[in-house]
Structures are given as C-alpha cells and as structure tokens.
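> Model the structure of this input:
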Amino acid sequence: MLKQLGNGGIESMANKIGANSQQTSSALEGIVPTLLGAMSNNSQSKSGASGLLGALDRDHDGSILDDVSGFIGNSDNGPGEGILKHVLGGNRNTVENGLSAKTGLNTSQVGQLLKIAAPLIMGYLGKQKKQQGSGFDLGSIAGLLGGMSNTSDKSTGLDLGDILQVVGGLSGGNSGAQRSGGIGGLLGKLFGK
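Predicted coordinates:
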C-alpha cells in the first residue's frame, strides 16, 4: 500500500500531523472506510446523491490528485472542513474519538487526517465521474460508494463496527475481516492517479 501512494503521500501526511508513517498508514485504514461509509449512507437518498454529484461537478474534478503532497501542505485551507461538516455532521466528534481510540492517534491528529482524506476521496470520485462522462448519475454514485465502502471495510485490520454504526454507512459484522486488495487498492487508486 505504501508503495502505491508514491510521491511520499503517507510521509507528507505523517509530517503534517506529527506522527510516524506507520501510525498514519494504520489510521488511514480506519479513516477511509469511515468516510466512505458516511458518504455511501448519504448517497442512499436522492437528495444526498444529488448533493454529492453537484459537489463533484462544482469543486472536485480530480485535479487534487495531480499534486497530493502540495495539497497536504496546504490542507489547512482546503475544503476538508466543509466536506466533513456535510458528511459527518453532528457525529464528527464521536467519530474522531472512536478513531482515536482505535488508532492510537490523538483526536487532533485524527481530525487533521480526516480533513486531508475527505478531499482526496472526493477528488477520486470526481475523477471517476469525469472519466465516465454523462453516464455517471445518481445510481452510479450510490453504487460506486457502496462497493468501495464495503471493500475497504472488509480489508482493514481495525474493528470499525461501532464507528461505522455511528455514521450509518455499513452493515454486517465484517469489520475485522482481512481481505486483500481493499484498502490498499483504494488508496492506490486515490494516490496512484
């Protein structure tokens, strides 16, 4: 997974939050499925999916993935805060506290990683939308997010069941199961361009 990130993506994140690369990588294994689960849950309603598609059209064309390290360096001024407010809403503190307990990072570090990861995920989704053109619709976004969130949830070594219940995104008791390809594949897609 770390090789797939390229350009020192994990290292840049680790430096930004004041953690080591291993801690940061492990934390992302909880953060990415959590955000995908929340986005997937939001996209289940027509208004939620429409809002997400609109945000992709307006603000997230995938160009953020062209300079991941540059974005990480300037992420304090990036769109992460707004995305998290929309995606996690009132659950944000609960999610941050839960992820902190699972990952060993403090809540401030988890919050910073969430603010970095959310725009990167949106950039990836925007890139998918751009590649698929006019065929990318409400069903496409719900299907893509549902598939990605289930795959990433099953591949992480962290038991995220309680956190994912909070965001309401994923069902089933697969949160601790090891499965190859999921989170590493997703992060590879995010950072591998």
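> what residues are up against residue 113?
For residue 113, the contacting residues are 13, 17, 24, 27, 28, 31, 105, by Cβ atoms under 8 Å, 6 or more residues apart in numbering. In this view, the C-beta of every residue, glycine as well, is placed from N, C-alpha and C.
> which residues in the chain form helices?
Using DSSP state H, the helices of the chain run over 2-5, 9-17, 21-42, 46-59, 68-73, 80-88, 92-103, 107-132, 138-155, 161-167, 182-191.
> For those, please prepare JSON lines with the additional fields mean pLDDT.
As requested, the helices of the chain are exported to JSON lines (pLDDT from 0 to 100):
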{"stretch": "helix 2-5", "mean pLDDT": "44"}
{"stretch": "helix 9-17", "mean pLDDT": "92"}
{"stretch": "helix 21-42", "mean pLDDT": "87"}
{"stretch": "helix 46-59", "mean pLDDT": "87"}
{"stretch": "helix 68-73", "mean pLDDT": "88"}
{"stretch": "helix 80-88", "mean pLDDT": "92"}
{"stretch": "helix 92-103", "mean pLDDT": "91"}
{"stretch": "helix 107-132", "mean pLDDT": "91"}
{"stretch": "helix 138-155", "mean pLDDT": "70"}
{"stretch": "helix 161-167", "mean pLDDT": "73"}
{"stretch": "helix 182-191", "mean pLDDT": "50"}
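> Could you say which of those is packed most deeply?
Scoring the helices of the chain by mean neighbour count under mean count of other Cβ atoms under 10 Å gives helix 21-42 as the most buried, with a mean of 25.
> For that one, name the packing helices and strands.
When contacts are defined as 3 or more Cβ pairs under 8 Å, 6 or more residues apart in numbering; DSSP states H and E, helix 21-42 packs onto helix 9-17, helix 46-59, helix 80-88, helix 92-103, helix 107-132, helix 138-155, helix 161-167, helix 182-191.
> And those helices: which comes nearest residue 69?
Distance to residue 69, taken as Cβ to Cβ, is lowest for helix 9-17 among the helices and strands packed on helix 21-42, at 4.7 Å.
> Who are the packing partners of that closest one?
helix 21-42, helix 68-73, helix 107-132.
> how about these in JSON lines, adding distance to residue 166?
Putting these into JSON lines (distance: least, Cβ to Cβ, whole Å) gives the following:
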{"stretch": "helix 21-42", "distance to residue 166": "9"}
{"stretch": "helix 68-73", "distance to residue 166": "26"}
{"stretch": "helix 107-132", "distance to residue 166": "14"}
